[in-house]
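A.B. asks: the following block contains a protein sequence and its predicted model.
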Amino acid sequence: MSPTYTWIVGSGGLLGSSVNRELRRRGNIVYTSNVPWSDHESAKATLMQDCTKFFGSFSDATWNIVWAAGAGVNGTSAAEFAEENALIADVLEQIAGKQSADGTFFLASSAGGVYAGAVGAPHNEETQVVPLGDYGRAKLDSESIAVNFGIRSGINVVIGRFANLYGPGQNLSKPQGLISHLCRGYLMASPVSIYVPMDTLRDYLYVSDAAEMVADTLALSARRTAPPTTKIFASGQAVTIGSILGACRTVFRRRPNVVLAASPLAAFQGRDLRLRSTVWPEIDRRTHRTLPAGIASTLHATRQALGAGR
């Protein structure tokens, strides 16, 4: 059997790095990019060059592109989000009509962003999306770009709407990733601000579990021709913020140092984000890492990162 070629955009991030490891473990030939995201024109040039290099490295083979990049968070400007999405459109424009249909474009999106204002949890793929801020709206814009590309080109497109990811590799310079910030706060003896109520419900998915699900999804996509497909990637087990603090206390063996604070970003946060995927349910039939085990692994990785000065 010939190998599958996969290009991961965003391979240095939490999800991308884990998908990189998982696909290499499964025998994929993986390409990554070192993109200067802070300079739009340089980023575009790099992506165009890497796209040409990637498709020039094989012929008549199964291929994937996993777009797991995105520096934007709640609070990022609409203009910055528009620039990020323009890069997705540029890459897809270069691919459209020039490559065989034996491939899949996988776009990582955000369940929390697009369902932030939705009612009737648990949410599934049929739930009406209700973004509350520019972040969620930008994710929907990127999804539309990918879906339209799939319809035009006939290439398989999968939109992955991810629950709250956590685990080793979280970028602590971003104002997101509660579990990683709690681990850092414990190690640095510094308080962590929480600006949502303690009964806020979230689905936390350990990143290596998410990566395995992505790899399984790509393998499933390669075996079928389908219209653009949207799937929720979640553990299916929602927990409150209070429960997360309790699990951290068990792992840390002391109470996490948290401060209840106010923030305008709280307006963009849904209160109940329970998730249940109904698309390709075979992907969800697995055992997920428990929350305490995931927190312990995240704590270990954070300790190593701080020791290395990262």
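C.D. replies: Nice, thanks for sending it over.

A.B. asks: so which residues of this structure form strands?
C.D. replies: For the chain, the strands defined by DSSP state E cover 5-9, 29-32, 63-67, 103-110, 156-162, 164-166, 192-194, 201-206, 229-233, 238-240, 258-260.

A.B. asks: closest to Glu126 out of those strands?
C.D. replies: Each of these has some distance to Glu126 by C-beta to C-beta; the shortest is strand 229-233, at 9.7 Å. Heads up, the C-betas are built off the backbone N, CA and C, glycines and all.

A.B. asks: what helices or strands is the closest one leaning on?
C.D. replies: Counting contacts by 3 or more C-beta pairs under 8 Å, 6 or more residues apart in numbering; DSSP states H and E, strand 229-233 packs against strand 156-162, helix 207-222.

A.B. asks: send the alpha carbons of that strand over as CSV?
C.D. replies: The C-alpha trace of strand 229-233 is given here as CSV (Å, rounded to 0.1, in the frame of the first residue of the first chain):
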residue,chain,number,x,y,z
THR,A,229,-19.0,17.1,6.2
THR,A,230,-19.1,18.9,9.6
LYS,A,231,-18.3,16.8,12.7
ILE,A,232,-18.1,17.7,16.4
PHE,A,233,-15.0,16.4,18.1
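
A.B. asks: what's it in contact with?
C.D. replies: Residues from elsewhere that reach strand 229-233, judged by C-beta atoms under 8 Å, 6 or more residues apart in numbering: 111, 123-125, 143, 156-163, 205, 210, 213-214, 217, 221, 275-277, 279-280, 283.

A.B. asks: what pLDDT, on average, does it get?
C.D. replies: Taken as a whole, strand 229-233 has a mean pLDDT of 98.

A.B. asks: and if you look at stretch 54-71?
C.D. replies: Mean per-residue pLDDT for stretch 54-71: 90.

A.B. asks: run through who's touching it.
C.D. replies: Residues outside stretch 54-71 that contact it (C-beta under 8 Å, 6+ apart): 2-11, 13, 15-16, 19, 28-29, 31, 35, 37, 80, 84, 88, 91, 95, 98-100, 102-108, 146, 174, 214, 218, 222.

A.B. asks: show me the contacts for Thr278.
C.D. replies: By C-beta under 8 Å, 6+ apart, the contact set of Thr278 is Asn124, Glu125, Glu126.

A.B. asks: relative to Arg271, how far out is it?
C.D. replies: Shown here: Thr278 relative to Arg271, a distance of 22 Å by C-beta to C-beta, to the nearest Å.

A.B. asks: hmm, Arg255 is touching Arg249, no?
C.D. replies: Yes. The pair Arg255 / Arg249 is scored as a contact, 5.3 Å apart, by C-beta atoms under 8 Å.

A.B. asks: what about the helices in this structure?
C.D. replies: If you assign secondary structure with DSSP state H, the helices in the chain sit at 14-25, 40-55, 78-95, 111-114, 134-153, 178-188, 207-222, 241-252, 291-307.

A.B. asks: quick one on the thing from earlier: now, among the contacts of Thr278, which is nearest to Gly236?
C.D. replies: The shortest gap between Gly236 and any of these belongs to Asn124, at 10.7 Å (C-beta to C-beta).

A.B. asks: identify the residues contacting the closest one.
C.D. replies: With contacts taken as C-beta under 8 Å, 6+ apart, Asn124 has the following neighbours: Ile232, Leu275, Arg276, Ser277, Thr278, Val279.

A.B. asks: against Asp216, how distant is it?
C.D. replies: Between Asn124 and Asp216 the distance, using C-beta to C-beta, works out to 19 Å.

A.B. asks: try Thr278
C.D. replies: 17 Å.

A.B. asks: one more: Val192?
C.D. replies: From Val192 over to Asp216 the distance is 34 Å, taken as C-beta to C-beta.

A.B. asks: may I see the buried residues of stretch 142-156?
C.D. replies: For stretch 142-156, the buried set under the neighbour-count rule, 16 or more other C-beta atoms under 10 Å, comprises Ser142, Glu143, Ile145, Ala146, Val147, Phe149, Gly150, Ser153, Ile155, Asn156.

A.B. asks: and which of the contacts of Asn124 is nearest Ser180?
C.D. replies: Relative to Ser180, the closest of these is Leu275; by C-beta to C-beta it sits at 20.4 Å.

A.B. asks: confirm for me that the closest one is in contact with Glu125.
C.D. replies: No. In terms of C-beta under 8 Å, Leu275 does not count as a neighbour of Glu125; the distance is 9.8 Å.

A.B. asks: the two: who's more crowded?
C.D. replies: Leu275 (28 against 17; other C-beta atoms under 10 Å).
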